[in-house]
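Chemist: structure, please.
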Amino acid sequence: MPIKIEKRGFVYTVIMDNPEVKNAVDGRTASELADAFRDFENDDGVRAAVLWGSGGSFCAGANLKAMVKGKGNRLEETGDGPMGPTRMLLSKPVIAAVAGYAVAGGLELAIWCDLRVAERDAVFGVFSRRFGVPLIDGGTFRLPRLIGLSRALDMIITGRKVDAEMALSFGLANYVVDNGKSREAAEKIAEKISGFPQTCMRNDRRSAHEQFGMNIQEALTNEFEYGIKVIESGETLGGAERFTRGEGRHGKFH
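Modeler: Okay, here's the model as predicted:
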């Protein structure tokens, strides 16, 4: 199976396991990826996911050899994206653990995630530029939103590679870790996220995702509606009571 699932506590790790092709995604793999994240969304026993590629590479994009053999990715306007889950807006966060290449469709998978932990040897890029393969899984709008139009156009038009340190300076990577440590680091972050009051974290995250395209008043109204739901859930009062008892003072978290 090209996609494997491992669960530890509240953390749900999705593993792309086809290292012979640097975890390039064909039609079957894309379908399994989408199903894996649907299962994550519907599983109340897990709170955060990690997406990781085995064999030292995150994902080299769509499997072009499979495409030539008639086993290419799904190309429909509705439903799952060509790379699988890229049209989904989940209610829970996903962290990409990036080693080696996250290029073309692999880049699109990485920027679909909420956060990216990159190893020092990680390479991001629109390498598909040289082969006439378009960004068709959110790359042309997610990348400018993450790093700004000027830097995004540089990557999109030139297809040049961006290493981990440059990605960190762009905001494309959120963390840079030693080689071989991205999965471990991403799972630690996921575990920490899983310990927060979940309604509050998820609603704030959702509001941040949804504000694009809204004017200021619309965004404020949307934020308020999500915030009121948190307060009404009892999480806020519970947190205030814990703070009153001394938890979290001086920036300390348990």
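
Chemist: for the residue nearest the centre of the chain, report the pLDDT, please.
Modeler: Centroid-nearest residue in the chain, with CA atoms, centre = their mean: C113, separated by 1.0 Å. Note for C113: predicted pLDDT of 98.

Chemist: equivalent analysis for L64, please.
Modeler: In this prediction, L64 has a pLDDT value of 70.

Chemist: the residue lying closest to A96 once chain neighbours are set aside and T221: what is the separation?
Modeler: Spatial nearest neighbour of A96, chain neighbours left out: C113 (4.0 Å); criterion: CB to CB, 6 or more residues apart in numbering. (Each C-beta comes from the backbone N, C-alpha and C, glycine too.) In this structure, C113 and T221 are separated by 28 Å, where distance is defined by CB to CB, to the nearest Å.

Chemist: picking that back up, OK, contacts around the residue nearest to A96?
Modeler: Contact criterion CB atoms under 8 Å, 6 or more residues apart in numbering gives L51, V94, I95, A96 as the residues in contact with C113.

Chemist: how close does I216 sit to N222?
Modeler: In terms of CB to CB, I216 sits 11 Å off from N222.

Chemist: which one of these two is surrounded by more residues?
Modeler: Neighbours were counted for I216 and for N222 using other CB atoms under 10 Å; N222 has more, 15 against 8.

Chemist: mind checking the SS state of the more buried one?
Modeler: helix (DSSP: H, G, I helix; E, B strand; the rest coil).

Chemist: can you give me the strands in the stretch 51-200 of the chain?
Modeler: Counting by DSSP state E, counting those that start in this stretch, residue ranges of the strands within the stretch 51-200 of the chain are 94-98, 101-103, 115-119, 123-125, 162-163, 175-177.

Chemist: what pairs with the third one, parallel or antiparallel?
Modeler: Based on DSSP bridges, the strands next to strand 115-119 in the sheet, each with its direction, are strand 94-98 (parallel), strand 175-177 (parallel).

Chemist: and it, how far from the chain's centre?
Modeler: The gap between the average C-alpha position of strand 115-119 and the chain average comes to 9 Å, counting by CA atoms, centre = their mean, to the nearest Å.

Chemist: how about it as PDB, C-alpha atoms only?
Modeler: Extracted C-alpha coordinates of strand 115-119, given in PDB (Å, rounded to 0.1, in the frame of the first residue of the first chain):
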ATOM      1  CA  LEU A 115       2.500  24.100   9.100                       C
ATOM      2  CA  ARG A 116       5.700  22.800   7.600                       C
ATOM      3  CA  VAL A 117       8.700  21.300   9.500                       C
ATOM      4  CA  ALA A 118      11.600  21.100   7.100                       C
ATOM      5  CA  GLU A 119      14.800  19.200   7.400                       C
END
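
Chemist: who's in contact with it?
Modeler: By CB under 8 Å, 6+ apart, strand 115-119 touches 93, 95-100, 102, 110, 124, 164, 167-168, 172-182, 185-186, 189.

Chemist: with the shortest one instead?
Modeler: Counting by CB under 8 Å, 6+ apart, the neighbours of strand 162-163 from elsewhere in the structure are A122, V123, F124, G125, M155, F170, L172.

Chemist: most neighbours among these, which one is it?
Modeler: The residue in the contacts of strand 162-163 with the most neighbours, by other CB under 10 Å, is A122 (30 neighbours).

Chemist: can you pull the contacts of it?
Modeler: By CB under 8 Å, 6+ apart, the residues touching A122 are F58, V98, A99, G100, Y101, A102, D163, A164, A167, A173, V176, S182.

Chemist: from D43, how far out is it?
Modeler: Distance check for A122 against D43: by CB to CB, it reads 29 Å.
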